[in-house]
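Student: Here is a sequence together with a model predicted from it:
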Amino acid sequence: MNTSLTLRRCFCCLTTPSSLKKKKPLVFLGTPQVCVQVLDTLFNASQSSDSFFQVAAIVTQPPQRGRMAPPSPVAQYAMDRGFSPDLILTPYRASEESFLASLQALEPELCITAAYGNILPTKFLKIPTHGTVNIHPSLLPLYRGAAPVQRALQDGVNETGVSLAFTVRALDSGPVIASERITVDENIKAPELLDLLFGLGSGLLVRELPSILDGTASNKARPQDDSNATLAPKIAQEESWLSFDQDAFVVHNKVRAFAGWPGTRVRVQAMDTANVVKKILDLKIITTRVSNAASIRTAEDDVVTFRNGALIFPCGKETALEVLEVQVSGKKVMDATSFWNGLKGLKLQKLIILQRDR
């Protein structure tokens, strides 16, 4: 199947299949791979013998690189499950009149968003009978915004969670229907935590759907205390450079937070015994841990050493970071031992990169 031809941006009118009239129609909005599990949970629940709802349509971001680009992970998954391509809507903006007309024609009882990535206008929010709910991977009102998991890990939180909340025009500010909290492992990376939280959110959504669709959820939903709100702004590529004048815990948390995209980078230079620079390398830092042994630090704070399978980067406050895996530009991820052996006796020194503060 040529998916680029089957996907269409929007439709002026849609007819609801007769099979959907027996169940309450829901519309799911999501785009990246991480929220595929939410759609999978909805599909599976809707197909049970006692199901009271059906996924009537899916809304996702359009391909980003032209007509021949692949569909979003959500769109591809839906088609793999046999979902009709004619019911996969891909507007560039959720405010497009033709898209809103298509949505209105479906007469949805509820819209569900999970990492959709598009601003929903008031006209959209007025369409579903019971409103729109969002799975947000934080304990609202904490970490409102585009990067809640990444910013939470960057801050080194010990606890986080997922919230199911009604969507309003103000960013992630709607009443919270339910939430679930978890303890954060000190070494978990952002992609793993995102996957975990959206998995928990999927279960939370299915458990709360009966109360949402009978209207009782709107009565029990808890208004957020805006005075306790924190923001989680979108990550910029320029933030990926590491600053080793910070405590090793801070650097380690940033590596975990930015894992996947944009990653974290450091620039080093390799020198011979006469301190002649032989090459300068930009390294992507993949896996780290905070050293418990202060004795591994060297007298020279800019010198990177090697010990017990790890590159040792001196950090601020007399701490040290152990780098276990790196990636040289254009090459595969390698462990620290392989990288160090490839230097063939050259000395390694870190370089300072000016970066934009968050």
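Tutor: Thanks, I have the structure now.
Student: mind listing what's buried in the lengthiest strand in the chain?
Tutor: Looking across the chain with DSSP state E, the single longest strand is strand 277-290. For strand 277-290, burial by neighbour count (16 or more other C-beta atoms under 10 Å) applies to 281, 283-288, 290. No exception for glycine: its C-beta is placed from N, CA and C like everyone else's.
Student: Using CSV, lay out those residues together with pLDDT and distance to residue 274.
Tutor: As requested, these are arranged in CSV below (pLDDT from 0 to 100; distance: C-beta to C-beta, whole Å):
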residue, pLDDT, distance to residue 274
281, 95, 19
283, 96, 23
284, 97, 29
285, 98, 28
286, 98, 31
287, 98, 33
288, 98, 31
290, 95, 34
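Student: hang on, the earlier thing: which residues sit against the longest strand of the chain?
Tutor: If you take C-beta atoms under 8 Å, 6 or more residues apart in numbering as the criterion, strand 277-290 is touched by 187, 242, 248-249, 251-252, 255-256, 259, 263-272, 310, 319-329, 333, 346, 351.
Student: What's the PyMOL line that selects buried ones from those?
Tutor: Burial among the contacts of strand 277-290 is assessed by 16+ other C-beta under 10 Å; the matching PyMOL selection reads:
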select buried, resi 242+248+251+252+255+256+259+264+265+266+268+269+270+271+310+319+320+321+322+323+325+326+327+346
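Student: and residue 138, how many residues sit next to it?
Tutor: 24 (other C-beta atoms under 10 Å).
Student: separation between it and residue 81?
Tutor: Noted for residue 138: a distance of 29 Å to residue 81, by C-beta to C-beta, to the nearest Å.
Student: what do you get for residue 36?
Tutor: 10 Å.
Student: Same drill for those two, tell me which one is more crowded.
Tutor: Between residue 36 and residue 81, counted using other C-beta under 10 Å, the more crowded position is residue 36 (21 against 12).
Student: How about the contacts made by that one?
Tutor: By C-beta under 8 Å, 6+ apart, the residues touching residue 36 are 30, 73-74, 77.
Student: Look up the closest residue to residue 181, ignoring the ones flanking it.
Tutor: Distances taken as C-beta to C-beta, 6 or more residues apart in numbering put residue 161 closest to residue 181, at 3.6 Å, once the chain neighbours are dropped.
Student: Next, the buried residues of the one helix or strand that neighbour maps to.
Tutor: Element membership of residue 161, judged by DSSP states H and E, is strand 159-166. Residues 160-166 are the ones in strand 159-166 that count as buried (16+ other C-beta under 10 Å).
Student: circling back to that earlier point, ok, the buried residues of strand 277-290 vs residue 222, which is closest?
Tutor: residue 290 (36.7 Å; C-beta to C-beta).
Student: Show me the beta-bridge partners of the spatially closest residue to residue 327 that is not a sequence neighbour.
Tutor: Nearest residue to residue 327 in three dimensions, chain neighbours excluded: residue 284, at 4.1 Å (C-beta to C-beta, 6+ apart). Note on residue 284: beta-bridge partners by DSSP bridges are residue 265, residue 327.
Student: How about residue 110?
Tutor: The partner residues for residue 110, given DSSP bridges, come to residue 26.
Student: tell me the angle of the lengthiest helix in the chain relative to strand 159-166?
Tutor: Determined from DSSP state H, the single longest helix within the chain is helix 190-213. Relative orientation of helix 190-213 and strand 159-166, computed by axes from the mean of the first three to the mean of the last three C-alpha atoms, to 10 degrees: 40 degrees.
Student: which of the residues in helix 190-213 are buried?
Tutor: For helix 190-213, burial by neighbour count (16+ other C-beta under 10 Å) applies to 190-191, 193-194, 196-198, 200-202, 204-206, 208-209, 211-213.
Student: Could you do stretch 346-354 as well?
Tutor: Going by neighbour count (16+ other C-beta under 10 Å), the buried part of stretch 346-354 is 346-350.
Student: contacts for it?
Tutor: The contact list for stretch 346-354, computed with C-beta under 8 Å, 6+ apart, reads 241, 243-244, 265-273, 275, 278, 280, 302-305, 311, 313.
Student: try 7 Å this time
Tutor: Residues outside stretch 346-354 that contact it (C-beta atoms under 7 Å, 6 or more residues apart in numbering) are 241, 244, 266-272, 278, 302-304, 313.
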